[in-house]
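In: Structure, please.
(2 chains, ligands or ions: 2)
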Amino acid sequence: MPALALQHVNKVFGHATNEVTVLDDINFEAVSGEVSLVIGPSGSGKSTFLTIAGGIQTPTSGSVMVQGQALDDLSGKDRDALRLNRIGFILQAYNLVPYLTVRDQFTLVDQVKPTGNLDESALRHLLEQLGIAALIDQYPAELSGGQTQRVAIARALYQNPDIVLADEPTAALDSARVKVVGQLLRDLAKAHNKAIVVVTHDLRLQEFADRTYAIMDGQMSLN
Amino acid sequence: MFLALREIRHEKLRYGLIIGMIVLVSYLVFILSGLAYGLAQQNTQAISSWRVDRIALNKDANDSLSQSVISKQAADKVKLTSHEAYLGQTGVVAKAKGQAKLSAQFLGIDRDQLIYRRLKVTAGHKPTKANQILVDDSFKDNGYRLGDKVTLNAADGQYRIVGFTHNAKLSVAPVIYGSLGTWRTLSHLTPDFQASGIVSARANFQAKGLSTLPMSQFINKLPGYSAQNTTFSFMIGFLMVIAMVVIAVFLYILTMQKLPNYAVLRAQGIPAKVLVTTTVTQALLLVVAGLLIGAGLTLATVLAVPTGVPMSFNLPLLGAVTGGILLTGVVGALIPVKVILNVDPVSVMGG
Ligand SMILES: Nc1ncnc2c1ncn2[C@@H]1O[C@H](COP(=O)(O)OP(=O)(O)OP(=O)(O)O)[C@@H](O)[C@H]1O
Ligand SMILES: [Mg+2]
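Out: Numbering: from 1, shown residues only, chains lettered A, B, ... in the order given. Ligands and ions are numbered 1, 2, ... in the order given. Here you go, the predicted structure:
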């Protein structure tokens, strides 16, 4: 059973003459233990694809299955629980709550999900790996773009999710950091059997992927 | 609580201003209700100090003490116990040498009866002779002293102040306690008349041949009393409604401004319920802080204002005001709850 599957997913924005088809009959599978990369240019529908896969947006038609469970069949509450417990989201922008320090971003996760998160030493290791351990008492406004992105990655992984959905996680990072993040995601897949889905236009990530899809004008194909 | 507190800590100025506004609003409401209640008290303080339940008046007096006289013949038909007392009332103008004239309520009482027994003296002693009087503390504030000789109305004779008593006001005028005989003199009545009314501390007191009514009903019929109270109730009511709307609007705006942050939290999978609880908790924290500071300011004001300004507080009224403002906070924060529940995580994702 794939960790995540999209079947015949369409997404249409607008009505009548303004209608835009952003996703056109998408079929996609991500399995545990693998990194799946979706590469496409700006405006190709990457973020739309990822938010639909993570249950943040609903498709116009088609179905999304998470660990064999159709999202359509879940109540809003169950979908929240699923997202909190199974899916780690790394958003493209504006990921962090502005009035929480880096440390408190993790405390907040503990507050709403008291169990199943990384323990203290695992968190410290993760922060060191990402090079943000020293930023623990900073507010998001005091971080650079790349630092913000790395904190967002750590925050999503802190929940110890089975599925990680990452939207342009390396957009603001230099090549050395790209390698760190790529390797980190690959380790998560291999050592912890997680399903990793990354959407990006960053070809530097290709070497860490088990499979690479291309997305173009809302149509997806396996490379 | 966690999110609510962290946000307040990070946005000190914004939340400080909102608390400040709640402080001012609650201060205003507290002070105004204190003044209104203080004035209402001055109508009835003397009556309250006797702790009586019922009053009997002449049937034709239309429940008004000043319109009532009870003849000796009628009074003799009512058997008095130690729980009853005669009361003779008349309005007077008091004057002592070198002092300003003072409008007052003269109350004639019997030295063997309930009212006399229950009077509390703050200085001097209770009258023991017909020409002695016990007066409200406000005489002292107007320069009168123990031992001063006072003329009442244009009547001959002088009366000596032998004692002061606290909180003795009737119809917003200071009270002068004296004998029933003095009352007759001041009212130009012959000894055929016994009193204006009979008060009783018994809840089931009935006086044959007279109209007997509960004190609460009697108080409502005091001249001007209910008109005054209605006016103030409406003032406080309107003030409360407007204050509540203002607070609710502020909290509504506050919540709406937080929606982008809530969208982030929703995208992270934080349940909508947590966001609603956070919003309400925060509103309550702000309102409680505002109310506490407002109450503190009110207390400071009460201690600072001169004694002549009538201000007093009663718990039910304060409770209602406080509860109303608290409720408003919750309602104001909850109005946008539908928006919070439906906040769209995608709206903040960008790209
Ligand atoms: N809510 C919306 N209403 C209308 N059109 C939308 C909406 N969201 C996205 N689109 C359109 O869908 C298309 C794909 O958007 P999407 O954000 O998925 O692109 P993307 O591949 O993530 O681009 P980028 O690389 O710049 O992040 C764009 O043309 C965008 O304008
Ligand atoms: Mg995008």
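In: the longest helix in chain B is where?
Out: helix B:12-50 (DSSP state H).
In: Ok, chain A next?
Out: Ordering each helix of chain A by length in residues (DSSP H) puts helix A:175-192 first.
In: I'd say residue B:159 and residue B:150 touch.
Out: Yes. Counting by CB atoms under 8 Å, residue B:159 touches residue B:150, with 5.1 Å between them. Just so you know, the C-beta spots here come from the backbone N, C-alpha and C atoms, and that holds for glycine as well.
In: Tell me where the chain is predicted with low confidence.
Out: Here I'm looking at chain A. A:94 (pLDDT under 70).
In: if you could check chain B rather than the one you did, that'd help
Out: Using pLDDT under 70, chain B drops low at B:155, B:348-351.
In: Quick check, central residue of it?
Out: residue B:37 (2.3 Å; CA atoms, centre = their mean).
In: Chain A too?
Out: Nearest to chain A centroid, counting by CA atoms, centre = their mean: residue A:165, 2.0 Å.
In: For residue 165, give me the backbone phi and psi.
Out: Unless you meant another one, I'm taking chain A. Backbone torsions of residue A:165, given as degrees, to the nearest 10, read phi -110, psi 120.
In: oops, I was thinking of chain B
Out: Per-residue torsions, residue B:165: phi -130, psi 150 (degrees, to the nearest 10).
In: ok so, going back, touching both of residue B:159 and residue B:150, which residues are there?
Out: Residues touching both residue B:159 and residue B:150 (CB atoms under 8 Å, 6 or more residues apart in numbering or on different chains): residue B:133.
In: and these two? which has more neighbours close in?
Out: Relative neighbour count places residue B:159 above the other of residue B:159 and residue B:150, with 26 against 21, counting by other CB atoms under 10 Å in any protein chain shown.
In: Tell me the spacing between the more buried one and residue B:181.
Out: Here the criterion is CB to CB, to the nearest Å. By it, residue B:159 lies 11 Å from residue B:181.
In: Over to residue B:142?
Out: Taken as CB to CB, the span from residue B:142 to residue B:181 is 26 Å.
In: ok, residue B:120 touching residue B:164?
Out: No. When contacts are counted by CB under 8 Å, residue B:120 is not listed as touching residue B:164 (10.2 Å).
In: Going by proximity to ligand 2, name the top residue of chain A.
Out: Residue nearest to ligand 2 within chain A: residue A:47 (3.1 Å; CB to the ion).
In: so that residue, which of the three states?
Out: Under DSSP: H, G, I helix; E, B strand; the rest coil, the three-state class of residue A:47 is helix.
In: Repeat that for residue B:317.
Out: Under three-state DSSP, the three-state class of residue B:317 is helix.
In: Determine the three-state secondary structure at residue B:93.
Out: Per three-state DSSP, residue B:93 ends up strand.
In: Please give the number of neighbouring residues around it.
Out: 13.
In: how deep is residue B:70 tucked in, by neighbour count?
Out: 26.
In: Could you list every helix and strand in contact with the helix or strand in which residue B:338 is found?
Out: In this structure, residue B:338 sits in helix B:337-341 according to DSSP states H and E. Using 3 or more CB pairs under 8 Å, 6 or more residues apart in numbering or on different chains; DSSP states H and E as the contact test, the elements touching helix B:337-341 are helix B:225-257, helix B:259-267, helix B:272-304.
In: Now do the last one and helix B:12-50, the angle between them.
Out: Note on geometry: by axes from the mean of the first three to the mean of the last three CA atoms, to 10 degrees, helix B:272-304 and helix B:12-50 are set 50 degrees apart in direction.
In: Quick check: which helices or strands does helix B:272-304 pack against?
Out: The contact analysis (3+ CB pairs under 8 Å, 6+ apart) places helix B:272-304 against helix B:2-10, helix B:12-50, helix B:225-257, helix B:259-267, helix B:315-334, helix B:337-341.
In: same deal with the shortest one?
Out: Here helix B:259-267 touches helix B:272-304, helix B:337-341, going by 3+ CB pairs under 8 Å, 6+ apart.
In: try the first one
Out: With contacts defined as 3+ CB pairs under 8 Å, 6+ apart, helix B:225-257 has these neighbours: helix B:12-50, helix B:272-304, helix B:315-334, helix B:337-341.
In: Alright, calling it a day.
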